[in-house]
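Colleague: Below is the sequence, then the predicted model.
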Amino acid sequence: MRMSQDLAYAARLLLDAERIVVFTGAGISTESGIPDFRGTDGIWTKLSPEDFQLDRYMRDPKARIRAWQTRFPKMFGNAQPNAAHEAVVDLWKAGKLLGCVTQNIDGLHQAAGLPQELMAELHGNSDGIACLQCGKQYEPDAIEARWIDGDLDPHCDDCGGILKSTIVFFGEVLPRAELLRAEQWAHEADAVISIGSSLSVYPAAYIPLEIASRGEVFIIINNSPTDLDSLASLRLDGMAGTVFPQLVGAITAG
Ligand code: NAD
């Protein structure tokens, strides 16, 4: 009962919005079977965050070997987009989406049908592999073939530099073009909806923060408290795959 009243209120707040930024975190993909970082089944209960720190990765071959073990054979198994990813596409098709800023590296927004130019992947993605020294780009399949053949810490075949996935590690700068696109959208947006993010990771969380600070509508959809709850116009407590499609249905029906 309460949720449906909140949903109706959220839809009213968004009624006139035409340039909505959707900001997503790991929680939008848990219903696709990909664990988030900090939950009870989160990634940090199984892996060490230190192995994903850039300086550790560069100086410790064992950290690189462990990192490649998480990348191959297939980082996210056969995970498929869920109803929340599909609802982002519906919002775009209704002409109300300015862009989708994601902290996720799983590619599920694009797999649901969102065009790459509507994405700002602030933490990179798992599609690429590059040399940290000369920048040469590699096809993941080629490096995976070497890894299967026993090259557990692959290096650049041009310059001998360390190879790394294009996922942004701790201590690494965010991809410039993605950050600029997200900042541009943050200036132009007339509303922001955060889905499945603890809103605790910076600089990513500056994007919804900036839109909210301009006094625009800020809706949070999450199943636990977030760091920016006090700034939200409204918080919808619940599962992304249920709540967000209902909200998009309500916005696009009106
Ligand atoms: P986070 O783990 O800090 O927060 C996720 C939030 O989503 C939590 O508050 C959790 O309670 C909530 N949540 C989980 N499942 C939910 C659901 N079904 N519906 C609603 N809420 C749900 O993740 P974050 O805010 O994205 O920030 C941390 C980092 O996580 C980012 O740097 C990102 O790169 C990384 N990450 C990405 C993936 C992915 O690509 N799928 C997976 C794990 C971590």
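Modeller: Yep, it's here.
Colleague: contacts and neighbour counts: CA atoms only from here.
Modeller: Will do.
Colleague: Give me the three-state assignment for residue 153.
Modeller: Here residue 153 is coil, with the state taken from DSSP: H, G, I helix; E, B strand; the rest coil.
Colleague: Kindly report the residues of the stretch 51-200 of the chain close to the ligand.
Modeller: Contact residues (C-alpha under 6 Å from any ligand atom) of the stretch 51-200 of the chain with the ligand: 103-106, 123, 196-199.
Colleague: Now residue 189. Nearest residue, chain neighbours left out?
Modeller: Leaving aside its sequence neighbours, residue 189 sits nearest to residue 19 (C-alpha to C-alpha, 6 or more residues apart in numbering; 5.0 Å).
Colleague: Residue 121 contacts residue 106, correct?
Modeller: No: Residue 121 is beyond contact range of residue 106, at 9.8 Å (criterion: C-alpha atoms under 8 Å).
Colleague: Those two: which is more packed in?
Modeller: Higher neighbour count among residue 121 and residue 106: residue 121, with 27 against 23, using other C-alpha atoms under 10 Å.
Colleague: Who is the more buried one paired with across the strands?
Modeller: residue 102 (DSSP bridges).
Colleague: for the one helix or strand in the chain whose mean pLDDT sits lowest, packing partners?
Modeller: Sorting the helices and strands of the chain by mean pLDDT, DSSP states H and E puts helix 2-13 at the bottom, at a mean of 87. With contacts defined as 3 or more C-alpha pairs under 8 Å, 6 or more residues apart in numbering; DSSP states H and E, helix 2-13 has these neighbours: strand 234-237, helix 240-253.
Colleague: how far off helix 240-253 does that helix point, in degrees?
Modeller: Helix 2-13 and helix 240-253 are oriented at 40 degrees to each other (axes from the mean of the first three to the mean of the last three C-alpha atoms, to 10 degrees).
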